[in-house]
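Peer 1: Predicted structure and sequence below. I'll ask about it afterward.
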Amino acid sequence: MRLLIIEDEPNLRQQLQQYLKQQGYAVDVAEDGEAGFFMGREYSFDLAIVDLGLPKMSGIEVIQQWRELKLTFPILILTARGKWQDKVEGLEAGADDYLVKPFHNEELLARSRALVRRSAGISQPVIQFDSISVNTSQQTVNVNNTQLDLTAYEYKVIEYLVMNSDKVISKTELTEHIYEQDFDRDSNVIEVFIGRLRKKLDPDSRLKPIETLRGRGYRWNLTRLENQVETNPK
Amino acid sequence: MSLTGIVLDRAFRNNVESSQRENLRTQIYTLLATAELDINNQLQLPAEITEPRLNLSESSLHARVITQDNKNVWLSKSMLNTRIDFGNISRIGEFSFSNLELDHNSYTLLSFATQWLSDDGEKTYVFQIAENRNILKTQINLFRKNLWLWLAGVSFLLIIIQTIILHWGLKPLRHVAEDLLKIEKGNAKRLTDDYPKEITPLTQNLNLLLDSSSQQLTRYRDGLGNLAHSLKTPITVLQGIIDNSNIEDKNTALTQLETINNIVEYQLQRAATAGRTQLSDAIELEPIIKKILNTLEKVHKEKSVNLMLNILPRLSMKIDSGDLYELLGNLFENAFKWCNHRVIISAEGLNKKTRITIEDDGPGIKHAEKDRILLRGQRADQNTPGHGLGLAMVNDILLLYQGEMQITESDIGGAKIIITL
């Protein structure tokens, strides 16, 4: 999953970028509202974390303009003022959640994950498909209760396919959601990832979790097991 | 008034006195006219003179003619009973006035010496006349009495008129004073525009002052908000660094940082609410409640909270909108956080006050914790994320608006909080 952080304070921006990258995200950053708005418009993100007090263009304005362009990725606001009027204003403009500074990075991570899941229509961190279970909190995949040995990018591919299992994902789209902007990519690498994943997920070739649709892309073929029980996510 | 009185009085007196003198001169001329030299070259005047007062024995006017040696040439009939001493003789051709006090009477004396040409040569005769001034005095006194009486009357009238005019003229100023009192109580924000144009400079400047002081307040609050913004980010960075570090007293460091943050946040929020009560407009509750609830429902989507609302439409409160947001935001947020599935919110008017009730079906708030919650920065459950300042903030706002909070158990199982203000 790829996310955008718009935060004008450099220390915080770098800290968040580093932390979230460690947690498995492809992270792009912007240091003011204008640059941030542009990036959100031009590239594909699964989540945006926007600080409200931005130079050049306010966070609220960025959010409003994104929503006007029908961009639907979830948005989490960061704000130093814990004022309720700002929270209400932010969510009315189109954000989906807010976090008041200072916050613990873990809390930011948990909320971000929840927002990404929510927009994929998934309510639990662990997604179960037959013998394959994907744990989006821990960023692990189990087959028959044994954890798979995956590289970071292999996991990212699975996660993206699983979270968008109702769609056909082109190679380009997959690339865009796995790498951040300046990464040196090679689209053939995706094919290699898919090949390796098929072997790891489905050694007996029984389940065929990932389907290739010639000329169009890939699709996660398994259906979710819906035995989810409602508990307090927060 | 008195000055006028004095001036008039003096003028009258002068007038009267100069009239008298003129009159006496005229009398002397008349005597001169009736005087004739006889065959013996002696000056003769008739026994009865045209001026009737000289012919009366009891009179206020006396006249005589004498020679230079003080020998009587003629005496008026009125002169017979008096002993008026005419004093020194004047020079020839000159009128000489003098005053005499005799037997409680004041006299004005006039002497006129003249030379008569006769066959025997030039003879000097002195014509003298005296008038009792008592009548004059009576005249003057009467005038004075009337004058002062009328002046007093006019003064009194003028004073009354002035009082009325002042009272009426200053009415707009009293009007301004009343409006200022209204502003101070919070029922208005500025002076209206309908004052007479004489005091519009005053009211316009007062409005400028009011605007400037409310702008100052906004600037102050914005300044504090900016301070909060600039402090919070370094604290966040610091927190991230400590979180990721392996320093020995990591937990202590984190707790200290949290304390710093709580203190900063609390004091800033308290300072920001200062002075707002005086200028509050009446705000409708329903739209704000709905906005806050929309926000909370969005944030807590996963929970699918079952929300029951019972808000009296058009119910409004005199409260600063920022304060209302904080008050309700914190209360509602707690309900959403702690509930299992259900939240019930109602708002109604009660004896000129507003009562808002928030209930949830969560674990509720135990007795012992009630007081602790209201202390600064305490949270009932340290595991639930969020800033524990919430209910303490609510308490502070209630204090500011002389409101009250009641914490009890709800019928649906959790906490029931009733606030009145």
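Peer 2: Sure thing, it's come through.

Peer 1: tell me which element the residue nearest to B:V73 when sequence neighbours are not counted falls in.
Peer 2: On the basis of Cβ to Cβ, 6 or more residues apart in numbering or on different chains, the spatially nearest residue to B:V73 that is not a chain neighbour turns out to be B:V65, at 4.3 Å. Every residue, glycine included, has its C-beta placed from N, CA and C. For B:V65, the enclosing helix or strand under DSSP states H and E is strand B:61-67.

Peer 1: Note down every partner strand of that strand and its orientation.
Peer 2: Partner strands for strand B:61-67, per DSSP bridges, with pairing direction: strand B:72-75 (antiparallel), strand B:121-132 (antiparallel).

Peer 1: Would you mind listing the residues in contact with the residue in chain A that chain B sits nearest to?
Peer 2: Of all residues in chain A, A:W84 sits closest to chain B, with a separation of 3.2 Å (Cβ to the nearest Cβ). Counting by Cβ atoms under 8 Å, 6 or more residues apart in numbering or on different chains, A:W84 makes contact with B:I292, B:Y325, B:E326, B:L328, B:G329, B:N330.

Peer 1: Next, work out how far apart it and B:P52 are.
Peer 2: A:W84 sits 112 Å away from B:P52, going by Cβ to Cβ, to the nearest Å.

Peer 1: In space, what's closest to the closest residue to chain A within chain B - neighbours in sequence excluded?
Peer 2: Using Cβ to the nearest Cβ, B:G329 is the residue of chain B that sits closest to chain A, at 3.2 Å. In this structure, B:G329 finds its nearest non-sequential neighbour in A:W84, 3.2 Å apart by Cβ to Cβ, 6+ apart.

Peer 1: right, is the host helix or strand of B:T203 up against chain A?
Peer 2: For B:T203, the host element (DSSP H and E) is helix B:200-244. Yes. Under the criterion of Cβ under 8 Å from any Cβ of the partner chain, helix B:200-244 makes contact with chain A via B:225, B:228-241, B:243-244.

Peer 1: what packs against that helix?
Peer 2: helix A:10-22, helix A:105-119, helix B:171-185, helix B:250-273 (3 or more Cβ pairs under 8 Å, 6 or more residues apart in numbering or on different chains; DSSP states H and E).

Peer 1: Adding mean neighbour count, mean pLDDT and distance to B:K137, write the ones you listed out as JSON lines.
Peer 2: Shown next, in JSON lines, are the helices and strands packed on helix B:200-244 (neighbours: other Cβ atoms under 10 Å in any protein chain shown; pLDDT from 0 to 100; distance: least, Cβ to Cβ, whole Å):
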{"stretch": "helix A:10-22", "mean neighbour count": "18", "mean pLDDT": "92", "distance to B:K137": "107"}
{"stretch": "helix A:105-119", "mean neighbour count": "19", "mean pLDDT": "91", "distance to B:K137": "111"}
{"stretch": "helix B:171-185", "mean neighbour count": "13", "mean pLDDT": "80", "distance to B:K137": "51"}
{"stretch": "helix B:250-273", "mean neighbour count": "16", "mean pLDDT": "76", "distance to B:K137": "84"}
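
Peer 1: Include distance to B:N105 when you put the ones you listed into TSV, please.
Peer 2: Rendered in TSV, the data for the helices and strands packed on helix B:200-244 read as follows (distance: least, Cβ to Cβ, whole Å):
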stretch	distance to B:N105
helix A:10-22	116
helix A:105-119	120
helix B:171-185	61
helix B:250-273	93
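
Peer 1: So which of the ones you listed is nearest A:D166?
Peer 2: Go through the helices and strands packed on helix B:200-244 one by one with Cβ to Cβ and the one that ends up closest to A:D166 is helix A:105-119, at 12.6 Å.

Peer 1: Buried residues, the helix or strand just after that closest one. List them.
Peer 2: Later in the chain than helix A:105-119, the nearest helix or strand by DSSP H and E is strand A:126-129. Residues A:I127, A:Q128, A:F129 are the ones in strand A:126-129 that count as buried (16 or more other Cβ atoms under 10 Å in any protein chain shown).

Peer 1: Straight-line length of stretch B:110-128, end to end?
Peer 2: Stretch B:110-128 has its terminal residues 6 Å apart, counting by Cα to Cα, to the nearest Å.

Peer 1: Show the pLDDT at B:S280.
Peer 2: Reported pLDDT at B:S280 in the predicted model: 64.

Peer 1: ok, now B:R372?
Peer 2: Taken from the predicted model, the pLDDT recorded for B:R372 is 64.

Peer 1: Spell out which residues make up each domain of the chain.
Peer 2: Using chain A here. A:2-119, A:126-220 (automatic domain parsing).

Peer 1: Correction: the question concerned chain B.
Peer 2: With automatic domain parsing as the criterion, the domains of chain B are listed as B:2-140, B:280-420.

Peer 1: looking at those, which is buried most?
Peer 2: Burial among the domains of chain B, expressed as mean neighbours by mean count of other Cβ atoms under 10 Å in any protein chain shown, is greatest for domain B:280-420, which shows a mean of 17.

Peer 1: can you map out the strands along chain B?
Peer 2: Read by DSSP state E, chain B holds these strands, from start to end of the chain: B:36-37, B:43-44, B:61-67, B:72-75, B:95-102, B:105-118, B:121-132, B:282-284, B:306-311, B:316-318, B:342-350, B:353-360, B:404-409, B:415-420.

Peer 1: I meant to write chain A there.
Peer 2: Counting by DSSP E, chain A has these strands, from start to end: A:2-6, A:26-30, A:47-51, A:75-79, A:97-100, A:126-129, A:132-135, A:140-143, A:146-147, A:210-213, A:217-220.

Peer 1: For the ones you listed, give me TSV that also has distance to chain B and mean pLDDT.
Peer 2: Shown next, in TSV, are those (distance: least, Cβ to the nearest Cβ, whole Å; pLDDT from 0 to 100):
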stretch	distance to chain B	mean pLDDT
strand A:2-6	13	95
strand A:26-30	15	94
strand A:47-51	8	95
strand A:75-79	8	93
strand A:97-100	5	90
strand A:126-129	15	87
strand A:132-135	18	90
strand A:140-143	22	90
strand A:146-147	25	90
strand A:210-213	28	88
strand A:217-220	23	90
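
Peer 1: Present those strands as CSV; the columns should include distance to B:I288.
Peer 2: Shown next, in CSV, are those (distance: least, Cβ to Cβ, whole Å):
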stretch, distance to B:I288
strand A:2-6, 29
strand A:26-30, 33
strand A:47-51, 24
strand A:75-79, 19
strand A:97-100, 17
strand A:126-129, 39
strand A:132-135, 41
strand A:140-143, 45
strand A:146-147, 50
strand A:210-213, 50
strand A:217-220, 44
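
Peer 1: Out of those strands, flag the one nearest B:S98.
Peer 2: Between those, strand A:75-79 lies closest to B:S98; by Cβ to Cβ that is 108.5 Å.
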